[in-house]
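>>> quick one, what's the 3D model for this:
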Amino acid sequence: MKVILFIGHHKVGSTSLQDFLARNSVALAQAGILYPSVDFEGMALMLGAATGRYAPEGVLPINAREPHNALAFRMLAEHDKGKVPGFHKGLPARGQMERAIRKQIEFLRPEAVILAAEVFANFAPADPALIQGLRNIFPPEAEITVIATLRRIDDYLASWHGQRLKFGHKIAPLSAGGLQGYFGNIHFDYRLMLEGWLKEVPEARFVLRDYADVRAAGGSVADFIAQSGLTFPEGLGPEQRTNESLHRGVYELARRGNEVLPGPQAGALRRWLRVLTPELDLPKSSEIELFGEQNRAEMVDRFTPIQQFLGEVSGKAPFFPDLEAARQPLPVPEVEVFRHALARLRGYEKDMESPEISEFLAMLGAEIIS
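A predicted model of the protein is given here:
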């Protein structure tokens, strides 16, 4: 039996991949490829689809779409290395999740099993025993493949920073202290993310992918299929775009809202900004500078030894052939886009249901004028 473990990273199309695997779980299982559930919700959805009584349309329940993130969060929590987020509701204990996977393997007798969770990226620094615990779910003779997709560090941190803002985190701008907080964790140190996996499952085949190559190959789903070594059946449902990011032109508005507004109002502001983004005449996200020249130089200098490690592990050196380009600031400073976006928002205040948000925007406008 083959076991494919997709371990992230974050913001590399992992949610689209999980959604694709979940929507097609019945057809995949019939072809001998198991994307296992870990709870009653996921199993009920798969059973409903298998009997033709349910067609998975719209947004899938997160426990069914991302069962292995749920498993990873539960494993981290039981090692006192985190907690299960509130959006993963009603989960069983870790032992029941693992038993669910084993029983699906026992009765469905797959030729291959896929576990896909960007949260697995946290296992190595949290406790390498988590990796061994995951490996022990499967028979000792299972052939393991570990797939990880990595983005060039400036592009990744810009995207991950936006994800944190989207979740309501209170964080400093990347240009003013926010960058330095990432240097010691997996969101900057890809060696820290990967080295534990290399040590705990040395028999595995490791596939490291540059996100630029993934996009050139057609996206996360197409690239995963190609790298997995599995033969996927014909006629599967198409990939659906999920986990849409905030536009980088509204990062600073969202960031300040997270700092000042109560949680519900900050969330309403973020949703409002996403709806209005097409009306704000913003430059492309890829043109907006979030770091500053000095921070970029420090980022690349610190990342260079990690780049060397990636080249040694992957056999592709340099792993990011364009890393030095990360020293070059992008053409449009974030502060200019922030002022432009705020000016374009004037007149939309009447559409706001919350007076706190209207007052917040008026306060920002007065601050800029002064």
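>>> okay, CA-based contacts and neighbour counts for the rest of this
Will do.
>>> what sits against Gln265?
Residues near Gln265 by Cα atoms under 8 Å, 6 or more residues apart in numbering: Ser354, Glu356, Ile357.
>>> show the buried residues in those residues.
Among the contacts of Gln265, those buried by neighbour count (16 or more other Cα atoms under 10 Å) are Glu356, Ile357.
>>> could I get the contacts of Gln265 as CSV with secondary structure and pLDDT?
Compiled in CSV, these are given as follows (DSSP: H, G, I helix; E, B strand; the rest coil; pLDDT from 0 to 100):
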residue, secondary structure, pLDDT
Ser354, coil, 82
Glu356, helix, 88
Ile357, helix, 89
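>>> dump the contacts of Gln265 to a markdown table, plus distance to Asn69.
Output for the contacts of Gln265, formatted as a markdown table (distance: Cα to Cα, whole Å):
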| residue | distance to Asn69 |
| --- | --- |
| Ser354 | 34 |
| Glu356 | 35 |
| Ile357 | 33 |
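>>> which of the contacts of Gln265 lies closest to Leu174?
Taking Cα to Cα as the measure, Leu174 lies nearest Ile357 of those, at 24.0 Å.
>>> now do the contacts for the closest one.
Leu261, Gln265, Ala266, Leu269.
>>> Leu246 now?
Counting by Cα under 8 Å, 6+ apart, Leu246 has contacts Gly162, Gln163, Lys166, Arg274.
>>> about what we covered before: quick one: which of the contacts of Ile357 sit in helices?
Gln265, Ala266, Leu269 (DSSP state H).
>>> from His161, how far out is the first one?
Summarising the geometry, the distance separating Gln265 from His161, computed by Cα to Cα, to the nearest Å, is 20 Å.
>>> quick one, helices of the stretch 251-370 of the chain?
251-260, 263-276, 293-314, 334-345, 355-369 (DSSP state H, counting those that start in this stretch).
>>> one step back: now the ones in helices among the contacts of Ile357 as a markdown table including distance to Leu192?
Shown next, in a markdown table, are the ones in helices among the contacts of Ile357 (distance: Cα to Cα, whole Å):
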| residue | distance to Leu192 |
| --- | --- |
| Gln265 | 36 |
| Ala266 | 33 |
| Leu269 | 35 |
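>>> out of the residues you listed, which is nearest to Val250?
Leu269 (10.5 Å).
>>> give me the neighbour count for the closest one.
24 (other Cα atoms under 10 Å).
>>> what sits against it?
Ala254, Gly257, Ile357.
>>> please repeat the previous calculation with a cut-off of 7 Å.
Going by Cα atoms under 7 Å, 6 or more residues apart in numbering, Leu269 touches Ile357.
>>> and it, what pLDDT?
The per-residue pLDDT reported for Leu269 equals 94.
>>> from Ser354, how far out is it?
For Leu269, the distance to Ser354 - Cα to Cα - is 9 Å.
>>> same thing with Ala343?
Relative to Ser354, and taking Cα to Cα, Ala343 is found at 19 Å.
>>> same check, this time on Pro67
For Pro67, the distance to Ser354 - Cα to Cα - is 36 Å.
>>> next: Ala204.
In terms of Cα to Cα, Ala204 sits 53 Å off from Ser354.
>>> shaky segments in this structure?
In the predicted model, the chain carries pLDDT under 70 at residues 243, 349-351, 369-370.
>>> got the domain ranges for it?
Annotated domains of the chain cover 2-153+188-228, 248-369 [automatic domain parsing].
>>> which of those domains sits closest to Gln180?
domain 248-369 (8.8 Å).
>>> nearest to Pro139, out of the ones in helices among the contacts of Ile357: which one, please.
Ala266 (47.1 Å).
>>> was I right to think that closest one contacts Gly257?
Yes - counting by Cα atoms under 7 Å, Ala266 touches Gly257, with 5.4 Å between them.
>>> where do the strands sit along the stretch 51-200 of the chain?
Counting by DSSP state E, counting those that start in this stretch, one finds strands in the stretch 51-200 of the chain at the ranges 112-116, 143-150.
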